[in-house]
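> Provide a 3D model corresponding to the input given below.
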Amino acid sequence: MTPLRRVLCVDDDEDILSVVALALRSLGGLEVTVATGGADALVVLQRQPIDLVLLDVMMPGMDGMDTMRAMRENPATAGIPVVLMTARVRLYDSARKAFPGVHAVISKPFDPVALPGRLASIWEQMHST
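Numbers count the residues shown, from 1 in each chain. Next up, the predicted model:
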């Protein structure tokens, strides 16, 4: 199994981006790139290799679902796995069925200390099937 190394975190809240990046870098040893919205995320995905996208659902402009649609329409990004982050888990938990490549939904607020382990577990589950 290829290890998880490069994560793109997409959220319009810069405080969340800072916490996620710090946790994933310092506790998870991951390379983390951040984007403040869906359009920015699509640019990043075209410019650098990413193993997994941690994607906020509710963002102004291009929200998480719009970002997922755009990713799936582009052959270069269609296969990148996505983990959604949202405060409305029940509403968006069905996204795993609606959007191929959504592998989990993480509820907000989340425990930053547990986040690297959670992503590692999700990554293992994706590659064990």
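
> packing partners for the one helix or strand Leu55 maps to?
Using DSSP states H and E, Leu55 maps to strand 52-56. When contacts are defined as 3 or more C-beta pairs under 8 Å, 6 or more residues apart in numbering; DSSP states H and E, strand 52-56 sits against strand 6-10, helix 38-47, helix 64-73, strand 82-86, helix 115-128. For the C-beta atoms, the positions are set from N, CA and C on the backbone; glycine is no exception.

> and of those, who's closest to Gly28?
Evaluated over the helices and strands packed on strand 52-56, closeness to Gly28 peaks at helix 115-128, with 2.9 Å, by C-beta to C-beta.

> Pull the distance from the closest one to the chain's centre.
Counting by C-alpha atoms, centre = their mean, to the nearest Å, helix 115-128 is centred 12 Å from the centre of its parent chain.

> Give me the helices and strands touching that helix, please.
helix 14-26, strand 52-56, strand 102-107.

> what's the closest of the ones you listed to Arg6?
The nearest among these, by C-beta to C-beta, is strand 52-56 at 7.7 Å.

> on that earlier part again, mind putting the helices and strands packed on helix 115-128 in a markdown table, mean neighbour count, distance to Leu115 and mean pLDDT included?
Formatted as a markdown table, the helices and strands packed on helix 115-128 follow (neighbours: other C-beta atoms under 10 Å; distance: least, C-beta to C-beta, whole Å; pLDDT from 0 to 100):
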| stretch | mean neighbour count | distance to Leu115 | mean pLDDT |
| --- | --- | --- | --- |
| helix 14-26 | 16 | 5 | 97 |
| strand 52-56 | 24 | 9 | 96 |
| strand 102-107 | 18 | 8 | 84 |
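
> Let's have those in TSV, adding distance to Gly37.
Supplementary listing: those in TSV, determined by distance: least, C-beta to C-beta, whole Å:
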stretch	distance to Gly37
helix 14-26	11
strand 52-56	9
strand 102-107	19
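
> can you tell which of those is closest to Met71?
Closest among the helices and strands packed on helix 115-128, using C-beta to C-beta: strand 52-56, at 7.5 Å.
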